[in-house]
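A.B. asks: Show me the folded form of this:
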Amino acid sequence: MSYRQKGTDPSLDQVWPTVPRRYCARHLCKNFKSEYPGILMHKLLWAVTKAYSAFSFKKALQKIASTAGLGAVKWFKDIGPLDRWTRWKFDCQLSCDENTNNFVESFNNTIGVDRSCPILTLLEGVRRIAMVRHATRQQLADQWVEEGICPNIRERVRVLTKESRKCHAYPSGRGEYEVSNRRSMLPVSLNS
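C.D. replies: Reported below is the predicted structural model:
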């Protein structure tokens with residue numbers, strides 16, 4: 001995944017010509033906002049990049065064309081091949097539809113100054129970060145009053161249990177029910 005910096009694609013074409021690659025939609029968004037500012041344009045860009053079908057992709061592009069004009073549609077055509085930046089064209093064999101590099105950004109931020117070190121020093125830094133994180137979480141888990149479910153999950157279950165009190169189950173067949181959190185009118189039999 002790249003930011004489409006100049007020279008990146010030609011270099012990757014020389015070294016790994018058959019390896020699929022993608023462009024980070026967050027960085028595309030940043031470039032798009034410089035030419036087409038506004039919250040609506042921001043939402044429309046994400047609709048185009050996150051589209052799961054050709055239909056929703058074309059619909060989002062039509063909305064952009066009607067909102068910002070054909071210049072915005074041309075901007076998308078100039079990005080490059082669709083399989084590098086929009087979900088509906090991603091290779092299904094990769095089993096990943098992620099179009100941002102948030103994980104990489106987070107990882108780079110976590111390893112900090114170790115990024116600029118030789119590889120063995122970098123790996124030692126990553127090992128240390130993982131060790132400290134694991135030990136910290138283990139210490140927190142040791143402080144739990146009750147065993148079994150962690151406090152965060154226990155609280156979520158408590159909230160869901162409280163919310164489920166407002167739900168109603170309506171029979172829809174043998175052993176099957178429709179559950180709704182709204183009180184609706186049940187059909188009344190004329191024979192009763």
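
A.B. asks: Tell me where the chain has helices.
C.D. replies: Along the chain, the segments classed as helices by DSSP state H run 8-15, 25-35, 39-49, 54-68, 70-77, 102-111, 119-142, 151-164.

A.B. asks: Among those, which comes closest to N181?
C.D. replies: helix 151-164 (7.5 Å; Cβ to Cβ). Backbone N, C-alpha and C define where each C-beta goes, glycine included.

A.B. asks: Turn the helices of the chain into TSV, columns for mean pLDDT, distance to R87 and mean neighbour count.
C.D. replies: Listed next are the helices of the chain as TSV, based on pLDDT from 0 to 100; distance: least, Cβ to Cβ, whole Å; neighbours: other Cβ atoms under 10 Å:
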stretch	mean pLDDT	distance to R87	mean neighbour count
helix 8-15	79	20	11
helix 25-35	87	9	16
helix 39-49	91	7	17
helix 54-68	91	9	15
helix 70-77	88	14	14
helix 102-111	81	15	12
helix 119-142	93	30	11
helix 151-164	89	29	10
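
A.B. asks: Who are the contact partners of L28?
C.D. replies: Shown in contact with L28 (Cβ atoms under 8 Å, 6 or more residues apart in numbering): 4, 45, 49, 79, 85.

A.B. asks: Recalculate using a threshold of 7 Å.
C.D. replies: Residues counted as contacts of L28 (Cβ atoms under 7 Å, 6 or more residues apart in numbering) are 49, 79, 85.

A.B. asks: could you dump the helices of the chain to a markdown table with distance to F90?
C.D. replies: Shown next, in a markdown table, are those (distance: least, Cβ to Cβ, whole Å):
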| stretch | distance to F90 |
| --- | --- |
| helix 8-15 | 17 |
| helix 25-35 | 12 |
| helix 39-49 | 11 |
| helix 54-68 | 12 |
| helix 70-77 | 16 |
| helix 102-111 | 16 |
| helix 119-142 | 28 |
| helix 151-164 | 32 |
